[in-house]
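K.L.:
predicted model and sequence below, questions to follow.
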Amino acid sequence: MIWALNNEKNRNRFVINWLNSLPAGKSILDAGAGIQRYKQHANHLNYTSQDFGAYEGEELFANKVVDEWNSKDCDILCDITSIPVEDNSYDYILCTEVFEHLPAPDKALKEFARILKPSGKLLLTAPFRCLYHLEPYFFYSGFSTYWYQHFSSLNNLQIELIEPNGNWATDIAQEVLRATTLGSPIQKLIAKFMALPFYLYLYFLDLKREKMPQSCWGYHLVLSKE
């Protein structure tokens, strides 16, 4: 994996390791599950998927066309802020890369707190800074640690773990590499030559653990219901 292109790999590893650590037979809701990419890693759990089911893909994102997106196969199709289940229904909730697509993510967090069992846990990932995607269902470019602290406290959720995915150097380097994919073939070639010194500079900043602005691709969190 090229340095600064391991955003998704880091996130998948975090989510899969967490799922594998959960005791067999427990209930889990995959909220905003979309194409249910993590279902295969939850065979030992009582897995339920939820999505609003309206996004269908085929948009242009990062110079590529998004494949057809079928979320209508999810078990529950509804608004994520009003899930038709009783209070204290699930041992665990998984919600990955969903909050930026919600008009009211704070209301979704409140709903998770309602349907999570006492001492239940929520794994949440969301970007800190990202580009437009899954349009027109894109409302926020990211969330800070202070957002999570504030709204978790309001909903009696305790942050057990919060970790950044990447840092300022990897975040900027990813966009430098993205810029080399734009334009005509000759423009791309010129861009690669121009980008290489700056890319290497960012790499060595990260390698030397230099003091850099606080930034990252996104955050991984585990929260528990008090």
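P.N.:
That came through, no problem.

K.L.:
every contact and neighbour count from this point should use C-alpha atoms.
P.N.:
Will do.

K.L.:
the strand or helix carrying Lys117: partners in the sheet, and parallel or antiparallel?
P.N.:
Following DSSP states H and E, one finds Lys117 within strand 116-127. Strand 116-127 pairs in its sheet with strand 90-96 (parallel), strand 218-225 (antiparallel), by DSSP bridges.

K.L.:
doesn't Gln50 make contact with Gly32?
P.N.:
Yes. Between Gly32 and Gln50 there is a contact under Cα atoms under 8 Å: 5.5 Å.

K.L.:
can you report how many residues neighbour Asn6?
P.N.:
For Asn6, the count of nearby residues is 15 (other Cα atoms under 10 Å).

K.L.:
just the pLDDT for it.
P.N.:
pLDDT for Asn6: 94.

K.L.:
and it, backbone torsions?
P.N.:
Torsion angles at Asn6 (phi, psi; degrees, to the nearest 10) stand at phi -110, psi 20.

K.L.:
for Leu161, see how far away it is.
P.N.:
With distances taken as Cα to Cα, to the nearest Å, Asn6 is found 21 Å from Leu161.

K.L.:
what about the strands in the chain?
P.N.:
27-31, 46-51, 60-61, 64-65, 76-77, 90-96, 116-127, 157-165, 218-225 (DSSP state E).

K.L.:
rank these by mean pLDDT and give me the bottom one.
P.N.:
When I compare those, strand 60-61 is least confident, with a mean of 62.
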